[in-house]
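Q: give the three-dimensional model of this entry:
(one chain, ligands or ions: 1)
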Amino acid sequence: MAAPEHGLFITFEGSEGTGKTTQIQRLTSRLESNNRKVIISREPGGTPLGEDIRHLLKHADSGQNMVPRAELLLFAASRAQHVDELIKPNLEQGNVVICDRFLDSTTVYQGIARAIDGDTVEAINQIAIASTLPDITVLIDLDPEEGFRRIQSRNTEPPDRMEQEHMDFYKAVRQGYLDLAAQNSDRFLVIDGQQPIDEVEQAIWNGIKERIN
Ligand code: TMP
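A: This next block holds a predicted model:
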């Protein structure tokens, strides 16, 4: 009998409107063609509790004057539940888990853009992930002004709470991600999101194949 396949945990990161959702679907198709079972999930969210927390963070009226520490802890609560209920069990079964955002979003959005002390953010992240780190993190890098142009061209809904910051906030997010990727180059795969969709897909696939092999 063939040895059981190892689980693989892939996360996608980037500022708003970088095309993560499309690329996650395309990567999933490629992995499934290679006979891997793939579970797609997202943060905040991914479990019933996490999806309720997502609503609080993005849409609820009660979240309108949320303070940054409360925001940090809600993202972390969603993640802790997600790790134990969905991510770890699937990795243990040898599946691929692809997650739209994970701990790096907290490092960058709450730590850099909201300027919460880095050691505090790191400590909360460690509690939330309970040693479950991504094997590969795909960062789709794009100028946030271009990202918001893309969102506006496809979206008729009003912006949610996290989409209402000043452009400087999202520029800090972009730079924060690039710095984090440079510090963790063994885990991060940085992809130029300005390229056409098919080329982004190919670049991601090439990078993932290289790392898996
Ligand atoms: P999205 O699912 O549409 O990307 O929305 C999630 C928003 O929440 C997005 O603005 C990024 C933000 N976010 C954080 O600020 N910290 C986090 O830890 C996570 C997972 C997301």
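Q: and this protein, which residues reach the ligand?
A: Counting by C-beta under 6 Å from any ligand atom, the chain comes close to the ligand at Glu16, Arg42, Glu43, Pro44, Phe75, Arg101, Ser105, Thr106, Tyr109, Gln110, Met162. Yep, even glycine has a C-beta here, placed from its N, CA and C like the rest.
Q: residue contacts, the last one?
A: Going back to what we said before, that points to Met162. Glu16, Leu57, Lys58, Tyr109 (C-beta atoms under 8 Å, 6 or more residues apart in numbering).
Q: need the nearest residue in space to the third one, chain neighbours excluded.
A: Translated: Lys58. Using C-beta to C-beta, 6 or more residues apart in numbering and skipping residues adjacent in sequence, the residue nearest Lys58 is Asp160, 4.2 Å away.
Q: show me the shaky parts of the protein.
A: Low-confidence segments of the chain, defined by pLDDT under 70: 1-5.
Q: in it, which spans are helices?
A: 20-33, 48-58, 68-82, 88-92, 103-105, 118-129, 144-154, 167-183, 197-212 (DSSP state H).
Q: how much space is there between Gly111 and Arg161?
A: Distance of Gly111 to Arg161, given as C-beta to C-beta, to the nearest Å: 18 Å.
Q: more crowded one of these two?
A: Neighbours were counted for Gly111 and for Arg161 using other C-beta atoms under 10 Å; Gly111 has more, 23 against 16.
Q: now Gly94: phi and psi?
A: Reported as degrees, to the nearest 10, the phi and psi values for Gly94 are phi 90, psi 10.
Q: next, count neighbours for it.
A: So Gly94, with other C-beta under 10 Å, has 14 neighbours.
Q: how close does Phe148 get to the ligand?
A: From Phe148 over to the ligand the distance is 12 Å, taken as C-beta to the nearest ligand atom, to the nearest Å.
Q: how about the contacts made by that residue?
A: Contacts of Phe148 by C-beta under 8 Å, 6+ apart are Glu16, Gly17, Met167, Tyr170.
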